[in-house]
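Enquirer: please find the sequence and the predicted model below.
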Number of protein chains: 6
Amino acid sequence: MWMTWKCAVMGLPFGGAKGGIAVDPTDLSTAEKERLTRRFTQELRDVLGPNHDIPAPDMGTDPQTMAWLMDAYSMQEGETVPGVVTGKPPIVGGSKGRTEAPGRSVAIITRAACDYYDRPLSEATIAIQGYGSVGANAARLLDEWGATIVAVSDVNGTMYDPAGINTHAVPSYDEEPNAVTEYADTVLSNDELFELDVDIFIPAAVGNVITEATADGIGADIVVEGANGPTTSTGDTILNERGVPVIPDILANAGGVTVSYFEWLQDINRRSWTLETVREELETEMVDAWNAVCVEYESRDVSWRDAAYIVALSRIADAHESRGLWP
Amino acid sequence: MWMTWKCAVMGLPFGGAKGGIAVDPTDLSTAEKERLTRRFTQELRDVLGPNHDIPAPDMGTDPQTMAWLMDAYSMQEGETVPGVVTGKPPIVGGSKGRTEAPGRSVAIITRAACDYYDRPLSEATIAIQGYGSVGANAARLLDEWGATIVAVSDVNGTMYDPAGINTHAVPSYDEEPNAVTEYADTVLSNDELFELDVDIFIPAAVGNVITEATADGIGADIVVEGANGPTTSTGDTILNERGVPVIPDILANAGGVTVSYFEWLQDINRRSWTLETVREELETEMVDAWNAVCVEYESRDVSWRDAAYIVALSRIADAHESRGLWP
Amino acid sequence: MWMTWKCAVMGLPFGGAKGGIAVDPTDLSTAEKERLTRRFTQELRDVLGPNHDIPAPDMGTDPQTMAWLMDAYSMQEGETVPGVVTGKPPIVGGSKGRTEAPGRSVAIITRAACDYYDRPLSEATIAIQGYGSVGANAARLLDEWGATIVAVSDVNGTMYDPAGINTHAVPSYDEEPNAVTEYADTVLSNDELFELDVDIFIPAAVGNVITEATADGIGADIVVEGANGPTTSTGDTILNERGVPVIPDILANAGGVTVSYFEWLQDINRRSWTLETVREELETEMVDAWNAVCVEYESRDVSWRDAAYIVALSRIADAHESRGLWP
Amino acid sequence: MWMTWKCAVMGLPFGGAKGGIAVDPTDLSTAEKERLTRRFTQELRDVLGPNHDIPAPDMGTDPQTMAWLMDAYSMQEGETVPGVVTGKPPIVGGSKGRTEAPGRSVAIITRAACDYYDRPLSEATIAIQGYGSVGANAARLLDEWGATIVAVSDVNGTMYDPAGINTHAVPSYDEEPNAVTEYADTVLSNDELFELDVDIFIPAAVGNVITEATADGIGADIVVEGANGPTTSTGDTILNERGVPVIPDILANAGGVTVSYFEWLQDINRRSWTLETVREELETEMVDAWNAVCVEYESRDVSWRDAAYIVALSRIADAHESRGLWP
Amino acid sequence: MWMTWKCAVMGLPFGGAKGGIAVDPTDLSTAEKERLTRRFTQELRDVLGPNHDIPAPDMGTDPQTMAWLMDAYSMQEGETVPGVVTGKPPIVGGSKGRTEAPGRSVAIITRAACDYYDRPLSEATIAIQGYGSVGANAARLLDEWGATIVAVSDVNGTMYDPAGINTHAVPSYDEEPNAVTEYADTVLSNDELFELDVDIFIPAAVGNVITEATADGIGADIVVEGANGPTTSTGDTILNERGVPVIPDILANAGGVTVSYFEWLQDINRRSWTLETVREELETEMVDAWNAVCVEYESRDVSWRDAAYIVALSRIADAHESRGLWP
Amino acid sequence: MWMTWKCAVMGLPFGGAKGGIAVDPTDLSTAEKERLTRRFTQELRDVLGPNHDIPAPDMGTDPQTMAWLMDAYSMQEGETVPGVVTGKPPIVGGSKGRTEAPGRSVAIITRAACDYYDRPLSEATIAIQGYGSVGANAARLLDEWGATIVAVSDVNGTMYDPAGINTHAVPSYDEEPNAVTEYADTVLSNDELFELDVDIFIPAAVGNVITEATADGIGADIVVEGANGPTTSTGDTILNERGVPVIPDILANAGGVTVSYFEWLQDINRRSWTLETVREELETEMVDAWNAVCVEYESRDVSWRDAAYIVALSRIADAHESRGLWP
């Protein structure tokens, strides 16, 4: 359901579904993972397809998994069908810029939110929870665009520098695990991170971190959700009451599925895009989605989250009404 | 046949065919229209398809009809096939700018004709018969581009203003039926409309209005056909003898099928275009078609209508000769 | 195999294969050629297809042959499938600029080579063996871009003009057979051609001309292979030892298959490109391929030929490793 | 419609339709007939198929025509599909016994009618109009089964022998045209034929022969329709009023379509039947159909024709009610 | 799983699966049931098919439901596909004898068991729990074959007649609900039924009736399971210890799925069988299955239930080993 | 070609082709053979299929190989397709009686030949070269039918007993290699075998054994070819000149492909046959083929081999003429 809404906010011609195998991939050899993935593809074959259901990587899978799935499906079909799955390595039909896309969309939406609230990036201070792919990519882009990144964190603690961290000099978790506190001059606790008096706080680590317990202490003026579901229902209510706008995840981190859509376009139209094209098109899509959400936000006196849901659900409802339910 | 030629003039990879149901849609409830459309789709299913035959709306059908057809075909096929039909609502795969397209193409061709005959739009006077979608869209665009629209009409009469009508202030028939004479200061009869001494007369209402009876009285220097078949065979002969050039319908109002082609491209390539892109691409296609017709007009000493047919039929003949008839 | 490598150097999503009929087409009437082509298509039908195997013209076939193949396959499939074959006449789905493409790519790569070796085209002298489609198109483009074409040849001899030949004034073999020596003021023997002291020598006639016998006498500083396989293995070794760089065929004349790819894109995405677009896209692809080969050339201390093979085979190996061999 | 009813009387899983080409086959060379048949197959291809619509020979076509149709369809499909058409030569999937089937069914039904009316064949006299395939096959079988064939006719007149004709000694029209009167000792006029005082009269020539003009004079006690539609509506009324039972064509000559069904079974199940099997199965099917019509005839006090229609239409109605009309 | 084993015991080329809708069909109108069935078919379409998964009626569905399913699937596929589902009304491809089949197989297996234990049917006394389709059909057949049916029951009680009930005179539950006790001279309680001293007891009502509580009291010498799962695991153990052989359900009532298989054969081979053929073929299949179970029963010293499982699982294992698990 | 003729003699709707892998299967592990077979199936997939090309086992393959092929093809197709290959184990769709079929057909044809030449089996003496599947099955059947088998051989020598060998007591090569000479009381050399004065000699070992060197010494009155190609062209000529009739392989050992056809019928019609049915149907087919060859033998004064070829080639020619060669 969440995926359906995220696609609808972005105006992508995708629905939403999830499937998986109950197994711990860290217990499997590479050959076992390959065989398991190919058999899973065989079992799901009837419901997969570039015009039916297009998997993408999620927990426990990576581009290699998607390459196996693509190959298995293609060999079954008797022809190469790159569009059956996204998140593949670029050499077999994946899109450039797919990995950086969620972080990039967080950065774009953060910039848009700053503009909306008249806080130009060049004057904004930002704290980011999590320095994995989403957090680091967002941090570095916002850094490049002139923002002051005062804090980034991982599970071990928070690197803090009120003068602004040189984000390119700090390895992301994928580049070097646990680097954040190692490279830090000043280390704060992760509780202190929440309370930093910054313009923007971007929770980009895991779900359910802004809760009944922490929402009151949030020191930022604006929250942009980088992770999926970082704010609990109660946490959301508290921030709303406090007047802290929360830009919801289904908008802010939708760059991932958007570039998955781009990958699918490249696959079915059989031409790869340059990295520059991917970035420009992502920029356009994110700004369009932001603007659509703004219209609802302003005209209906609702939260940003509700505005995003209104955009998504209205589009689904309109399409459903046009097509009808038949037969 | 007419549709085949229109597509060939525009260089679209479409042929032509028409099908329908012998029923008065105004006698049907919405539910009856839906059931009839879906059953019709079922019966025609073997001959429809995005690579076979692609219906588009015509008399008695509208975007909702096309949405039902698309949904019925898609459910039968087991996957969403937006490219099976054009003229759909944009929310289910229709193109932006589809409705305005016929009028826009009339405006573009009128501008090209004015340029050809050295009558810049800024100095040209134009009378338009009909103020429905085609007439109003053409009028407003030409107005925006600097032309002086001195007369627009509906069945009740003709609004006349030699100083130029503010076309955006006059509701089209779709916006407000019968508004033309209501909003007019000066009302002429529809017979007088024909005889107005203008640079351009655009019949954009119904067929067979420039006839043996009216052709002699046409006061304009150039006629641009906005409706399908406004000039009878005899009417055409008279205008030719009088030296009044007639820009034929299969060129002038081909914007509709051209944007249908754009919709199909968006559907099969799975990416929607912005309104700006649709307009720019339509501009390019219309100008290319105009130029192709010009080449024949100038090199063969024929009427504009014959020149358009020569372009169309030569392309069909060349393709037929290349492919052969087999098996 | 050669075709697979050429496609891989260019990054095209094609493999390579060749098929044919053991017959002398000059012994056949047009009707016999048509029947033979259509039956051949019928027999091969199971292995052809826009996602399976896409023939293109080669020895003894021309655009008309490809049109028959497309028509036969399409009639069997029950719908028009332009993407099943490339090299068709534009009127039935062929690409503009297909014919000039191999020569154009030779010109682009020659220019890039000149730039690489700091010999701007405006100061470069060029001798070209063969004045068919490849040679003449390359010659005229390089001429337009400022180079001095001092010699062009056909089987009868070599036109030589140290001041630069007006290449547009000399008909190519396709335009007027044997014109080269007829239009020449100074005619050299074809042996003398090899020994001309020029910046660039482009063998664009047939294979196996730079051999053990001729390689020592090559007077040019750089060789750009326009034909397929003009340099024998021994000839290649000699030029390498002499320090004469040889830009290999699988890079230099890859414009043909690249525009075949463009034709396929136009066919499967159902929109034709203008000639300008074809030329711009070809420029981009050729420059990208040149740059990729440069990287290997510079980093590995190998010949240009080996660098091109490294690019090609690395891409194939990476894709193979990602997909695996299954089932 | 007629074909649908005939199939329903017989309980065959076929519907009914007819299609054709407006051409006189006697004006065409064999090669022209072949090309025309193959092109017709190509044009109809989308609606043909062993599970869609299965043509069979009718006026102006013969087994060779059906072989061409089968071959054309099969080559288009890429595999041999014998079940797409019936009436083929046995060597390419036709059924043995197809030609004799209509006459055989007439004989079987005649025998059943005789039994029903307590006139054992060994004591029955029979007159037959027409000595083509239907008439001669019926005559010979009834002759073998012990009946006395007192008269057979062709357009030239009627052979008459109250002691019984040796039907095997008289060539049928297909074997030797016009043989009937040549081989006859006693020739009656064709008007006299109608009035012969026999047990059974079998009109097996053309339609509309038992009319207002002739029905009153029919001398037989029972009429079995061998041709399609030999009795006009008025003729039928007269015979009914006179108490002369008429066994209708859709029952009596249904052997043809029944063996077409057998041919289809042999084709889709891929095993040919012996002639003996065909005859035994036809016997079973005809007797079952006769019995089903008898039930209605006896329980409803209607004519044999109405009884046959009741059987047919009830079956169609039951199937329609079970399936419904959807979508 | 149960269905898989039952099919394997019978040697049918079917596997096993169950699907359904969580709805009470008695709450639905006929039109609602039809719409629900058709939509369910649409949703399941990708996994249904005559070579994929072939539904058959079970709780809350009937032949009409199957007709809707067949029609819906067929309309989606564009051709009539009777083999997609079994249990249809015969008029749309169902098999004659489908309804009586489970009871008939119970009778056949009962007769075989009597023979095996040297108790000819003519001397055997039988008590039957349940007088629905299974119980009544079994009772009547055994009655016809000479057995003495001393008791039949429904939820209201047990009709008892030591001289033998005239089973054809007692309406089954489908013919007249609650008739058993109404027509009875002597009515026993349903507890007394279990303890009757008969040769054969056939539980043919519901599951789990021979339990820890009742197994000790069973008065019969042999139990033949007519219902699915009438004996609990504990009940089974007790009967085994007491030496009362239990002929298991997956053998005894397998006539239903066997005639479903016959229906499928008739549908895919496109010829309906007579009732006599269905009965003869069912007889053959039941006897073959009985014999196969006998072999295991005798050679392995196991219960009849285990012998049946051994037959089933050995066949599945052999097929699995032959094919392997791939890919 | 040979296979095509053999199928045509038998009237089977199959053509002929052979394919294979250049590998020594004895060098491969079972897992290697499985992987090789499955990959081979994948590569050939486009040309295989129950209606396209149906492999059967030949040198180096066995039923397990066919099971892998069937499974691989089926998994690719997404449904079980038993009819794609014959010679499978019966548990996965193979036919009973497939293994014994070639020997059985040799026995049937030998019996027919004895009848033809008025040598009832009960009085005939027979020598058989080879005691593998073909030789042993033929020997045992002829033994059962009353013939006197005086000699059987393997590579080690010939068991000879003029009183008749008890063939069931001698293990075939598949049952126990090299058993022939071990079980023999009298052993002849394999040269002596040829010269035995018997009614029938059946070479059932390998090809090319009746040659220029041995044909003159053949002591039998009739030769029935059990192996494929046991008689060389010269050997054939000599026997013809000597007046020794040779019943050719394409007739005599066609039982194998005939039961392959039966297996295919069982697979596509989805019902297995009993062993009795297979034997009866094989009997029928062999006798029909024998009779067809007899007709040509008697009417044309040719050898039995030529008569068989005439039957085969006439059928192919007739079918070809009916269908034509198109497109």
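Expert: The structure has been received and is ready for your questions. Just so it is clear, the structure is predicted and the values come from calculations on it, not from any experiment. Numbers count the residues shown, from 1 in each chain, chains lettered A, B, ... in the order given.
Enquirer: check what pLDDT the residue of chain A found nearest chain F gets.
Expert: Nearest residue of chain A to chain F: A:Gln76, at 5.6 Å (Cβ to the nearest Cβ). Heads up, the C-betas are built off the backbone N, CA and C, glycines and all. For A:Gln76, the pLDDT comes out at 90.
Enquirer: give me every residue that touches it.
Expert: A:Thr41, A:Gln42, A:Arg45, F:Met75, F:Gln76, F:Gly78 (Cβ atoms under 8 Å, 6 or more residues apart in numbering or on different chains).
Enquirer: contact distance from chain B - what residues of chain A qualify?
Expert: Residues of chain A lying close to chain B by Cβ under 8 Å from any Cβ of the partner chain are A:11, A:13, A:49, A:51-52, A:264-265, A:268-269, A:315, A:318-319, A:322-324, A:326-327.
Enquirer: distance check, the residue of chain A closest to chain F against chain D.
Expert: Taking Cβ to the nearest Cβ, to the nearest Å as the measure, A:Gln76 falls 20 Å from chain D.
Enquirer: now do the SS call for that residue.
Expert: helix (DSSP: H, G, I helix; E, B strand; the rest coil).
Enquirer: and the biggest strand by length in chain A, what's buried?
Expert: As assigned by DSSP state E, the longest strand anywhere in chain A is strand A:148-154. Across strand A:148-154, burial judged by 16 or more other Cβ atoms under 10 Å in any protein chain shown covers A:Thr148, A:Ile149, A:Val150, A:Ala151, A:Val152, A:Ser153, A:Asp154.
Enquirer: and for the helix or strand just after it, what's in contact with it?
Expert: The C-terminal neighbour of strand A:148-154 among helices and strands, as given by DSSP states H and E, is strand A:157-160. Residues from elsewhere that reach strand A:157-160, judged by Cβ under 8 Å, 6+ apart: A:127, A:150-153, A:165, A:170, A:180-181, A:183-190, A:192-193, A:196.
Enquirer: same question for stretch A:238-245.
Expert: A:113, A:117, A:210, A:212, A:215-216, A:218, A:220-223, A:231, A:246, A:303-304.
Enquirer: got it, and stretch A:134-143?
Expert: Applying Cβ under 8 Å, 6+ apart, the contact partners of stretch A:134-143 are A:100, A:102-104, A:106-107, A:110-111, A:121, A:126, A:128-129, A:131, A:149, A:152, A:164-168, A:170, A:172-175, A:202, A:204-205, A:226-227, A:253.
Enquirer: with stretch A:274-294 instead?
Expert: Contacts of stretch A:274-294 from elsewhere in the structure, counted by Cβ under 8 Å, 6+ apart, are A:9-11, A:95-97, A:101, A:104-105, A:108-109, A:112, A:116, A:251, A:254-255, A:258-259, A:262, A:273, A:304, A:307-308, A:311.
Enquirer: before we move on, back to that, of the contacts of stretch A:238-245, closest to chain E?
Expert: Nearest to chain E out of these is A:Thr231 (Cβ to the nearest Cβ; 34.4 Å).
Enquirer: now the closest one: phi and psi?
Expert: With angles defined as degrees, to the nearest 10, A:Thr231 sits at phi -110, psi 120.
Enquirer: now do it, the pLDDT please.
Expert: pLDDT recorded at A:Thr231 is 97.
Enquirer: about what we covered before: which one of the buried residues of strand A:148-154 is nearest to chain B?
Expert: Relative to chain B, the closest of those is A:Ile149; by Cβ to the nearest Cβ it sits at 34.1 Å.
Enquirer: that closest one against A:Gly164, yeah?
Expert: Yes: using Cβ atoms under 8 Å, A:Ile149 is in contact with A:Gly164, at 6.0 Å.
Enquirer: excluding chain neighbours, what is closest to A:Pro90?
Expert: Nearest residue to A:Pro90, sequence neighbours excluded (Cβ to Cβ, 6 or more residues apart in numbering or on different chains): A:Lys96, at 5.7 Å.
Enquirer: list the buried ones in the lengthiest helix in chain A?
Expert: In chain A, ranked by residue count with DSSP state H as the criterion, the top helix is helix A:275-300. Buried residues in helix A:275-300, counted by 16+ other Cβ under 10 Å: A:Val278, A:Arg279, A:Glu281, A:Leu282, A:Glu285, A:Met286, A:Ala289, A:Trp290, A:Ala292, A:Val293, A:Glu296, A:Tyr297.
Enquirer: how close does the fifth one get to A:Cys7?
Expert: What it means is A:Glu285. Per Cβ to Cβ, to the nearest Å, A:Glu285 is found 11 Å from A:Cys7.
Enquirer: for A:Asp174, which three-state class applies?
Expert: For A:Asp174, the assignment made with three-state DSSP gives coil.
Enquirer: quickly list what A:Gln129 is bridged to.
Expert: Judged by DSSP bridges, the bridge partners of A:Gln129 are A:Pro203.
Enquirer: now for it, how many residues are close by?
Expert: Neighbour count of A:Gln129, defined by other Cβ atoms under 10 Å in any protein chain shown: 24.
Enquirer: and it, what does it touch?
Expert: Taking Cβ under 8 Å, 6+ apart, we find A:Gln129 in contact with A:Gly135, A:Ser153, A:Asn190, A:Leu193, A:Phe201, A:Ile202, A:Pro203, A:Ala204, A:Ala205, A:Val209, A:Gly226, A:Pro230.
Enquirer: kindly recompute the last result at 10 Å.
Expert: A:135, A:151-154, A:158, A:190, A:193-194, A:201-206, A:209-210, A:226-227, A:230 (Cβ atoms under 10 Å, 6 or more residues apart in numbering or on different chains).
Enquirer: what does A:Leu193 give?
Expert: Residues counted as contacts of A:Leu193 (Cβ under 10 Å, 6+ apart) are A:127-129, A:151-153, A:157-160, A:201, A:203, A:209, A:214, A:219.
Enquirer: that one: which element?
Expert: Using DSSP H and E, A:Leu193 sits within helix A:190-195.
Enquirer: now that helix: buried residues?
Expert: By 16+ other Cβ under 10 Å, the buried positions in helix A:190-195 come out as A:Glu192, A:Leu193, A:Phe194, A:Glu195.
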